[in-house]
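Student: Quick check, what structure comes out for this input:
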Amino acid sequence: MKLFRSSAGTIAAMLLATVFAVTMFLSMVCGASVYRNVADRAEQASKERIGISYMITKIRSFDEGGMVHTGEFGDSDAVFLVQEFDGVRFHTILYVYDGWLRELFCEEDNELPPSGGEMISEAGGLSARMTENGFLSLGYTGTDGDVRTAMVQLRTSEKER
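Tutor: Numbering: from 1, shown residues only. Presented below is the predicted three-dimensional model:
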């Protein structure tokens, strides 16, 4: 009878340890899945913010009289940032082409094709226009279809442009 009680106790302890181990394993698997989902969402949100943030930073770095304007490049809206080196004017063009926000640096009268730009971030579209009160209105469509908007107040007035 003593042998039976000690075996039953050992079996109960092993069963309890097994249940505990299985529960811990399932908790770790579920936790890893939740972590993966949160990390994926954070990465996607970061990718979507990169495009509009990149454009705003670039625009602010070129904000001098007449150096920022909008227009069309390829088949979409674009932001043109102008620089002058040794009397020669160059454009840095920000635009969306083939599903990517792109940046193209070229001489003013020698524009390259839209496919030649450096890919910055995946994007669905871009709308850019100057407002009457000197703001640059941007609408950046991410790959998720959401449109992120920004109004960039240029330090230079419309008269200076």
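Student: Now do stretch 11-20: everything it contacts.
Tutor: Outside stretch 11-20, not one residue touches it by C-beta atoms under 8 Å, 6 or more residues apart in numbering. To be clear about C-beta, it is placed using only N, CA and C from the backbone, and glycine gets the same treatment.
Student: how close does L101 sit to F62?
Tutor: 16 Å (C-beta to C-beta, to the nearest Å).
Student: between those two, which one's more packed in?
Tutor: The residue with more neighbours, out of L101 and F62, is L101; 25 against 15, by other C-beta atoms under 10 Å.
Student: what pairs with that one across the strands?
Tutor: Counting by DSSP bridges, L101 forms beta bridges with V96, S121.
Student: which residues touch it?
Tutor: G51, Y54, M55, L94, Y95, M119, I120, S121, E122, A123, L126, Y140.
Student: The second one is in what secondary structure piece?
Tutor: What it means is Y54. Using DSSP states H and E, the element containing Y54 is helix 2-61.
Student: ok, then the element right after that helix?
Tutor: Counting by DSSP H and E, the element after helix 2-61 in chain order, helix or strand, is strand 68-73.
Student: what's the angle between that following strand and helix 2-61?
Tutor: For strand 68-73 against helix 2-61, the angle by axes from the mean of the first three to the mean of the last three C-alpha atoms, to 10 degrees is 100 degrees.
Student: Please enumerate residues in contact with strand 68-73?
Tutor: With contact meaning C-beta under 8 Å, 6+ apart, strand 68-73 is reached by 59, 62, 77-82, 93, 95, 104, 111, 114, 128-130, 136, 154, 156, 161.
Student: Now with 7 Å, please.
Tutor: 59, 62, 77-81, 93, 95, 114, 128-130, 136, 154, 161 (C-beta atoms under 7 Å, 6 or more residues apart in numbering).
Student: out of these, which is most surrounded?
Tutor: Within these, V79 tops the neighbour count with 26 neighbours, counted by other C-beta under 10 Å.
Student: Settle this for me: that residue is touching V96, isn't it.
Tutor: No - applying C-beta atoms under 7 Å, one finds V79 not in contact with V96, separated by 10.7 Å.
Student: between the contacts of strand 68-73, which is closest to R36?
Tutor: Ranked by distance to R36 (C-beta to C-beta), the contacts of strand 68-73 are led by Y95 at 34.4 Å.
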